[in-house]
Every structure is written in C-alpha cells, then in structure tokens.
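Engineer: coords below, sequence missing:
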C-alpha cells in the first residue's frame, strides 16, 4: 500500500510539472537566454529523476508482492557465537552505536553469545560504554601489524578492523555475526538465521563462516553445422540390445538406431546415458569413399536439467535449459538461446519461440543448439579455491574423413641424439 501511494504521488507530481504553465519560460520560443536554458535543463532533469523514482517504486511493488517468508529452521544449540559491530569515534556518534549494542545484547540464543565493539580509535568513552553495557572491547590502534598500508590489515578500513579481530579471536567461536553500527537487530535475529547453517537441503557449510548454497550453471552453444555444405539432416543415435534369437545367439549383440529429426517439434531432445544417446548431423548430398554420408556427431558429457519449478521466473526466461538438444532451421536473426534480451522478456523468448513455427529440417541448413549444465553441490574441498570442474561435450567427425586424419601428420623432430652418440639413462 505504501509503495502504491508513493507511486501515485510521484505520478501526480510529474503530471503537475508537465502542466504548460509550470514549464520554465512559458510562451518563450527558442533559447531565451542562458538563465532560461539552465532552468529548462534543470526542469528536464527533475522530470527524469522523478520518472526513474516512479519506475523504482513500481519495481519494488512487483518484487515485494512476490516475496515469501522463509521457512524457519530450528537453530543448533550450544554454538559459540560472536556478534560484532564497529565504530570510528571521530565519524560515528557513540549514542548510535550504543543503541545497536543494546539491541545485540537482547538477541536470544541458547548458547554462548559474546557481543564485541571493534573500536578503531581506542577511545576512552567507547571503553567506558562497553564496560557499562557488558560487551567486549577490541582495538587495533597502536599495533603496527594490524595497521598496514595495503593488504588485509589496511589501516582506516572496516575490513582491516574486522580482519584484525578475526586474526586475534575468531578461532574461539563457531559463528561470527557482523552488524553495521546503526543496525538495530531484533531479538530473534540469531534464532531466524543460525538454523539455515544446518540445513543440507539448502546448502553445505564448507568452512567456518562459509556457506555454499546448492546451485547450477547452464550454458548453450549455437552450432551452425554446414557439414559439406548447407544441405544437412539431423539424426538421434540410440544403442539398443538385440533381442535373443537367431540375430543374437550369444546374447551380447547390440545395434545403433538412427532416427531422423524431421521437424523442429521432433528435435527437442534430452540426453539418455543408458542408451549411449548422441546426435549426428549428416550431409544430405556428400558421401565418403565407403558410400556413407559425411557427418559430425555430438557426444554429451555429464549433464543435468534445472531443478526449477515450471512457474519459476528464472526458467521462464531460460526456457532453452529445459532441453539438452535443439535443432532449428537456419535464420540469421536467431542467434541467442535465451532471446535477444533475456533480462527483459517475461518468458518464452529464444529457442521456445524459434521452434514454434515447426519448420522442416531434412536436407536443409540447420543449426544445432546444445545445453549443458554444471551441477554444483558445495563441499569443503571447494574452499578457499575451487578445483577445476569440467563440463561440455565432444564434436566428433563421423565418416567425414576417409580414415584417421592424423595419419599424414609429419613426423616430429627427434628429441634424443642420433647416430653414433650413446644415451645413458641412470
């Protein structure tokens, strides 16, 4: 309601400004002197600022209406928790920080909670306040190690102040909560936040104070294949066991079935590792020396689908991620799997829109789109530097060459002496 009232107020103000009588220099045609010019430019700036504020109010209203309260999680008991705030006595009023500290002291938790004030100036008044409120006082003032020109202990920075405390005391705590000097925490602050650190359905604690949420990354590559020219056809390849019988007397035979992808409605496919599924783009005209169509094959690596609900905003904008393989007829205007403006469209743009025409795909210029995802369940070994994780696919020539193309690669120069010289390996 407040956002709506604010938006209506901004809209009324903009309308009032646009009344002709309120425009600077009414009835004056042309520049009208530098004073009038400055007034008109300022008038336009005010209208632009108010218009931006109106859009912001609308965005806040839309986002706030979609917000939901998180499901509370019971906090683990018995943790050692430090709650920190900072002060620069020459810049921040002690009365503001005192209000914050009093609120921190009222925070509830069944376990050890120590409240700290990190005093950049080692001020006697701050020390006296800390003693009066029953909170711990820390200052790095006068300690050269914690007052460096650069680095983690840079002088006169909030990060340097926090890092100095962490180096001295963090090892004595399980959880550290940081507050801005003017943030007044509710008594339920810890009860509403600590519980999520023990929820494996949401994320994993990879290190003290480091919470790695479950997440995925999705990529899509656009492959304008042109295998021996623009006349191509796509095929899906699935391996199948041959039923027992005369064609499989020993029970160990299997074959590869090639199914043509004739239209765009048929060319929206998922991986199937149990069938060793892959896809082939073959020339509809050219053949190799064995009489087979020249082709390239797309072989999937590890892959996954998004774990989004169908109505989720993200998946509506990233509809391409709902299928691993798409094949479309070539159109130079279709270049991006999520559409030209993925952050602005409401959903359905990109590949879902491209294939809606259901164009034929046999013996024509086709484009292959492959989606692959990285499924990241955080682990302690990802911290502090995550190891390399590989995602992707292979694009293999399949009958495109008449033999191994590496056979005619020139021989490399010898790396050891030749002739009469002897090489001894000890």
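Structural biologist: Cool, the structure landed. Keep in mind that this is a model prediction, so the values were computed, not measured.
Engineer: quick check: buried residues in stretch 64-77?
Structural biologist: Neighbour-count burial for stretch 64-77, counted by 16 or more other C-beta atoms under 10 Å, picks out 73, 75. (Glycine included, C-beta is placed from N, CA and C.)
Engineer: contacts only, for residue 195.
Structural biologist: For residue 195, the contacting residues are 72, 73, 74, 75, 76, by C-beta atoms under 8 Å, 6 or more residues apart in numbering.
Engineer: what is the nearest of those to residue 233?
Structural biologist: residue 73 (53.5 Å; C-beta to C-beta).
Engineer: my read is that the closest one contacts residue 196, right?
Structural biologist: Yes. Counting by C-beta atoms under 8 Å, residue 73 touches residue 196, with 5.4 Å between them.
Engineer: how close does residue 231 get to residue 216?
Structural biologist: 37 Å (C-beta to C-beta, to the nearest Å).
Engineer: swap that for residue 293, sorry
Structural biologist: 36 Å.
Engineer: between those two, point out the one with more neighbours.
Structural biologist: The neighbour comparison of residue 293 against residue 216 (other C-beta atoms under 10 Å) goes to residue 293, with 21 against 15.
Engineer: ignoring the adjacent residues along the chain, who's closest to residue 230?
Structural biologist: Nearest non-adjacent residue to residue 230, counting by C-beta to C-beta, 6 or more residues apart in numbering: residue 365, 4.0 Å away.
Engineer: got the contact list for the one you found?
Structural biologist: 224, 226, 230, 231, 232, 329, 330.
Engineer: the third one falls within a strand, correct?
Structural biologist: No. Using DSSP: H, G, I helix; E, B strand; the rest coil, the assignment for residue 230 is coil, not a strand.
Engineer: got any ranges where the stretch 201-350 of the chain has weak pLDDT?
Structural biologist: Across the stretch 201-350 of the chain, the ranges flagged by pLDDT under 70 are 201-210.
Engineer: can you map out the strands along it?
Structural biologist: 203-207, 210-213, 215-224, 232-241, 254-261, 268-269, 278-287, 293-300, 325-329 (DSSP state E, counting those that start in this stretch).
Engineer: now these in a markdown table, with distance to residue 346?
Structural biologist: A markdown table is the format used below for those (distance: least, C-beta to C-beta, whole Å):
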| stretch | distance to residue 346 |
| --- | --- |
| strand 203-207 | 29 |
| strand 210-213 | 26 |
| strand 215-224 | 19 |
| strand 232-241 | 31 |
| strand 254-261 | 29 |
| strand 268-269 | 21 |
| strand 278-287 | 31 |
| strand 293-300 | 31 |
| strand 325-329 | 21 |
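Engineer: in stretch 4-16, what counts as buried?
Structural biologist: Residues of stretch 4-16 classed as buried by neighbour count (16+ other C-beta under 10 Å): 6, 7, 10.
Engineer: among the residues you listed, which ones are in strands?
Structural biologist: Taking DSSP state E, every one of the buried residues of stretch 4-16 sits outside strands.
Engineer: among the residues you listed, which lie within helices?
Structural biologist: Taking DSSP state H, the ones among the buried residues of stretch 4-16 that sit in helices are 6, 7, 10.
Engineer: what about the helices in the chain?
Structural biologist: Under DSSP H, the chain gives helices at 2-17, 34-66, 94-105, 124-133, 158-169, 189-193, 313-317, 351-354.
Engineer: give me whichever of those is most buried.
Structural biologist: Across the helices of the chain, averaging neighbours per residue (mean count of other C-beta atoms under 10 Å) puts helix 351-354 on top, at a mean of 20.
Engineer: brilliant, that's me finished.
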